Every structure is written in C-alpha cells, then in structure tokens.
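Chemist: for reference, the sequence and a predicted model appear below.
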Amino acid sequence: MTGTADIYHEMIIDYSRNPINFGEIKDHDVTFHDSNPLCGDSIDIDMKIDDNKVTDIKFHGNGCAICMACSSVLTEITKGKTLDEVRKIDKNDILGELGLEHLQAVRIKCALLSLKVVKSALYTYMGEHLNDSPDVDKLKEEAANLY
C-alpha cells in the first residue's frame, strides 16, 4: 500500500471502531431506515431540522467498516447544511473523503447506504412539509434517480 492508501485505510478502520454521530435523536423531525442484505449493513438515520437546516444528525445500526466510516463522514458533511445543500451531496463527496473513488462495485452499496438513507429521510421530510404538488413530484423523480 502507498502512504496515502495507508492513511485512508487507517481512517476507515478508525471510523468503524469509533463512529462519529453514532446514536439516536429522541425528538427527531425525521428518521429513515434501510439495509444492504448483500453485506448485512442495516442503519437508521435521525435528523433534527430547524429553519430548513439540519441542526443534528445521528445514525445507528450495524454495518461493515466501509458502511460505518461512510456514515460517519456523511453525518459530518450533512450537519449544519441547508436542505438544498443536503440535496446536492453526492457519492463523490463521501467516497473522496475516504479515498474510495475506485471502490469495487460489490462494495459500493456498503459505501452509499448512508447517502441513500439521508436522501430518503430528506425527501420524506420535505414531502411532508411541502404544500405544492410540483415540488413533491420533483422530489419523487429526484429520489428515483439517486443511483
């Protein structure tokens, strides 16, 4: 392994052993669950939203090292962002933080499970709080085209 690859490998191991933002938010505004049956990853993400901004986010569940590391990184990226900024987070934002840009296809679902859950939670929240139909339909289309 090269020096850079070693650093990323150590980061993934550290995040998996000591995940950031791991836990639950009891008074969350939205929560969502999903799993990856191929690897056994299963996570829930809770978000607290005030004034169209994610003020707190936590995840809990079980996952492989890649899933736990990406969930930690994603919660750090998401916290403090507006809902529109969260909508714009993509896979490269997470994979790049951990040096996983060239991750094997079999592991990509592990890495992106948390992104799928965050986006689904966001669309659920926005769908419940939007009053006009065109924006709700746009969200459904956006959700359908995530991956």
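Modeler: Okay, I see it. Residues are numbered from 1 along each chain as shown.

Chemist: what about residue 72, is that helix, strand or coil?
Modeler: helix (DSSP: H, G, I helix; E, B strand; the rest coil).

Chemist: below-threshold pLDDT in this protein: ranges please.
Modeler: For the chain, the stretches with pLDDT under 70 are 1-8, 131-137, 139-140, 142-147.

Chemist: just the strands in it please.
Modeler: Ranges of strands in the chain, per DSSP state E, are 30-36, 41-50, 53-62.

Chemist: how about those strands, which one is nearest residue 17?
Modeler: Residue 17 sits nearest to strand 53-62 of all the strands of the chain, at 13.5 Å, using Cβ to Cβ. Where you see a C-beta, it was placed from the backbone N, CA and C, and this is true even at glycine.

Chemist: which secondary structure elements does that closest one sit against?
Modeler: Where contact means 3 or more Cβ pairs under 8 Å, 6 or more residues apart in numbering; DSSP states H and E, strand 53-62 is packed against strand 41-50, helix 65-78, helix 83-87, helix 105-129.

Chemist: same question for that strand: list its buried residues.
Modeler: 54, 56, 57, 58, 59, 60, 61 (16 or more other Cβ atoms under 10 Å).

Chemist: identify the residue nearest residue 74 in space, chain neighbours excluded?
Modeler: residue 114 (4.7 Å; Cβ to Cβ, 6 or more residues apart in numbering).

Chemist: count of neighbours near that neighbour?
Modeler: 27 (other Cβ atoms under 10 Å).

Chemist: got the CA positions of stretch 113-133 in CSV?
Modeler: Written as CSV, here are the backbone C-alpha positions of stretch 113-133 (Å, rounded to 0.1, in the frame of the first residue of the first chain):
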residue,chain,number,x,y,z
LEU,A,113,-26.2,3.1,2.1
SER,A,114,-26.0,6.1,4.4
LEU,A,115,-26.4,8.5,1.5
LYS,A,116,-29.4,6.6,0.3
VAL,A,117,-30.9,6.8,3.8
VAL,A,118,-30.1,10.5,4.3
LYS,A,119,-31.7,11.4,0.9
SER,A,120,-34.7,9.2,1.6
ALA,A,121,-35.2,10.9,5.0
LEU,A,122,-34.8,14.3,3.5
TYR,A,123,-37.4,13.6,0.7
THR,A,124,-39.7,12.2,3.3
TYR,A,125,-39.4,15.3,5.4
MET,A,126,-39.7,17.7,2.5
GLY,A,127,-42.7,15.7,1.1
GLU,A,128,-44.5,16.1,4.4
HIS,A,129,-43.8,19.8,4.7
LEU,A,130,-44.3,20.9,1.1
ASN,A,131,-47.7,22.1,0.1
ASP,A,132,-47.5,22.4,-3.7
SER,A,133,-47.6,19.3,-5.9
